[in-house]
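Participant: no sequence for this one, just the structure:
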């Protein structure tokens, strides 16, 4: 167990590789109750979220889900978030544990003038993530109605408990995220294990998301970089006038000085913080259990070439050679 | 190797390394406890034959999927041989920490240091 933003969390249960492979081959179950939730309710809920979130929140139908970033005026990224539309005027936004209070404080500051109520729901939800190609098959017998499609959410009952069941995840595999009352979490967890899911820890969660090239706040995202430079231009819709949109538009217009690339190494393992020769820095690095080689993501100068371009990384004084590859590092259909 | 073991013919340090002393030479590796803490070892860069290693100092690194761990020399010496089997298959350290999973063989440069290592009983007591 490790301390993570005040939560005691398992890095692994039986072994990182076995848990990683379970998610790629069958179904793994993560306890991600450390994730925070902020509920936004009121007549101005949409207008308010459109102001603070980078994506076009108006595009989200009731029952839909959307990824976005929360920015400061200067474009610095405060957090990356999933927002679920629970009703016409009610949204639930999932925050990163370490950023939850910062996000909530920021959102409350920006809420002046909007007819909305912001509620901290961190203590009201436990969150489980069932991920992998067999996730839906294992979950279906526990559901009372058809499981939600990808990027949608369903307020329903699951394994005998009231649950918000979401077709989302952080592993690159199909799967579900389940928000349930903390008192029900253990029973839902046990039901899913009994159905055949393999418990998976933080370690596998990180190798899976890295192979899928999903950003991790604190690694690929921080207040030091705008979302365009960080490679999240796809979820920034400047025409909505979100806080940080002017900066995003300016960077998009002028071109970012850096870009986020994925790489593989011929030998060795790069780690976060290792310098890239010629400029740049590794943001995440690990052995890839699926690919069997050292992989990672790095910020490099924008002029650096695309996939196939050689890259050299200073790994604690030893130069490791590899190449820039297309993202994601791993695609489920390749197996 | 699923069950913990700390063989009686080895000497240990508090950093979870072992030494098998044979005359003027010794073989080094990490203990069952250390490999269990590290988890599956996926990469080892080895060490240079001829390099000097110093008791208590880092002489190489073992990498698991998530982390890099320094390995501390239990005695001072000059590297004579590096275990090619572990270079090819680092998980050998997990499977067989005292036999196939040894790391380096050294010529001792300060044989008196042997007296400062922990006995198997003392090491077992240390890790509780």
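Facilitator: Looks like it arrived, so ask away. Bear in mind the structure is a predicted one, so any value in this text is a computation, not a measurement. Numbers count the residues shown, from 1 in each chain, chains lettered A, B, ... in the order given.
Participant: from chain A, which residue is nearest to chain B?
Facilitator: Per Cβ to the nearest Cβ, residue A:287 is where chain A lies closest to chain B, at 4.4 Å. All C-beta atoms are positioned from the backbone trio N, CA, C, and that covers glycine.
Participant: show me what contacts that residue?
Facilitator: By Cβ atoms under 8 Å, 6 or more residues apart in numbering or on different chains, residue A:287 lies in contact with A:207, A:269, A:293, A:294, A:295, B:42, B:43, B:63, B:64, B:65.
Participant: adding pLDDT and neighbour count, write these out as a markdown table.
Facilitator: Compiled in a markdown table, the contacts of residue A:287 are given as follows (pLDDT from 0 to 100; neighbours: other Cβ atoms under 10 Å in any protein chain shown):
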| residue | pLDDT | neighbour count |
| --- | --- | --- |
| A:207 | 97 | 25 |
| A:269 | 97 | 26 |
| A:293 | 96 | 17 |
| A:294 | 97 | 25 |
| A:295 | 98 | 27 |
| B:42 | 94 | 24 |
| B:43 | 96 | 18 |
| B:63 | 96 | 22 |
| B:64 | 93 | 23 |
| B:65 | 90 | 24 |
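Participant: now render those as JSON lines, adding secondary structure and distance to residue A:155.
Facilitator: JSON lines is the format used below for these (DSSP: H, G, I helix; E, B strand; the rest coil; distance: Cβ to Cβ, whole Å):
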{"residue": "A:207", "secondary structure": "helix", "distance to residue A:155": "32"}
{"residue": "A:269", "secondary structure": "coil", "distance to residue A:155": "43"}
{"residue": "A:293", "secondary structure": "coil", "distance to residue A:155": "43"}
{"residue": "A:294", "secondary structure": "strand", "distance to residue A:155": "43"}
{"residue": "A:295", "secondary structure": "strand", "distance to residue A:155": "38"}
{"residue": "B:42", "secondary structure": "strand", "distance to residue A:155": "43"}
{"residue": "B:43", "secondary structure": "strand", "distance to residue A:155": "46"}
{"residue": "B:63", "secondary structure": "strand", "distance to residue A:155": "45"}
{"residue": "B:64", "secondary structure": "strand", "distance to residue A:155": "41"}
{"residue": "B:65", "secondary structure": "coil", "distance to residue A:155": "37"}
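Participant: can you name the residues bridging to the residue of chain A closest to chain B?
Facilitator: residue A:294 (DSSP bridges).
Participant: count of neighbours near the residue nearest to residue A:163 when sequence neighbours are not counted?
Facilitator: Nearest residue to residue A:163, sequence neighbours excluded (Cβ to Cβ, 6 or more residues apart in numbering or on different chains): residue A:180, at 4.7 Å. Residue A:180 has 24 neighbouring residues, counting by other Cβ atoms under 10 Å in any protein chain shown.
Participant: next one: the one 5 residues further on
Facilitator: A count of nearby residues for residue A:185, using other Cβ under 10 Å, gives 20.
Participant: quick one: it is in a helix?
Facilitator: Yes - according to DSSP: H, G, I helix; E, B strand; the rest coil, residue A:185 belongs to a helix.
Participant: what sits against residue A:289?
Facilitator: Residue A:289 is in contact with A:16, A:17, A:20, A:21, A:207, A:211, B:65, counting by Cβ under 8 Å, 6+ apart.
Participant: so residue A:270 touches residue A:316, yeah?
Facilitator: No - contact criterion Cβ atoms under 8 Å: residue A:270 and residue A:316 do not qualify, at 9.7 Å.
Participant: which of the contacts of residue A:287 sits closest to residue A:45?
Facilitator: Nearest to residue A:45 among the contacts of residue A:287, counting by Cβ to Cβ, is residue A:207 at 36.5 Å.
Participant: point to the residue nearest the middle of the chain.
Facilitator: Defaulting to chain A. Chain A has residue A:170 as the residue nearest its centroid, 5.3 Å off, counting by Cα atoms, centre = their mean.
Participant: chain B is the one I meant
Facilitator: residue B:29 (1.9 Å).
Participant: leaving out chain neighbours, which residue sits closest to that one?
Facilitator: Spatially, and ignoring its direct neighbours in sequence, residue B:29 is nearest to residue B:102 (4.4 Å; Cβ to Cβ, 6+ apart).
Participant: for residue B:12, state which of the contacts of residue A:287 is nearest.
Facilitator: Each of these was scored against residue B:12 by Cβ to Cβ, and residue B:64 proved nearest at 21.2 Å.
Participant: what residues are bridge-paired with the closest one?
Facilitator: Beta bridges link residue B:64 to residue B:41, judged by DSSP bridges.
Participant: related to what we said a few turns ago, what packs against whichever strand or helix holds the residue nearest to the centre of chain B?
Facilitator: Assigned by DSSP states H and E, residue B:29 belongs to strand B:25-30. Packing partners of strand B:25-30 (3 or more Cβ pairs under 8 Å, 6 or more residues apart in numbering or on different chains; DSSP states H and E): strand B:17-22, strand B:77-82, strand B:104-108.
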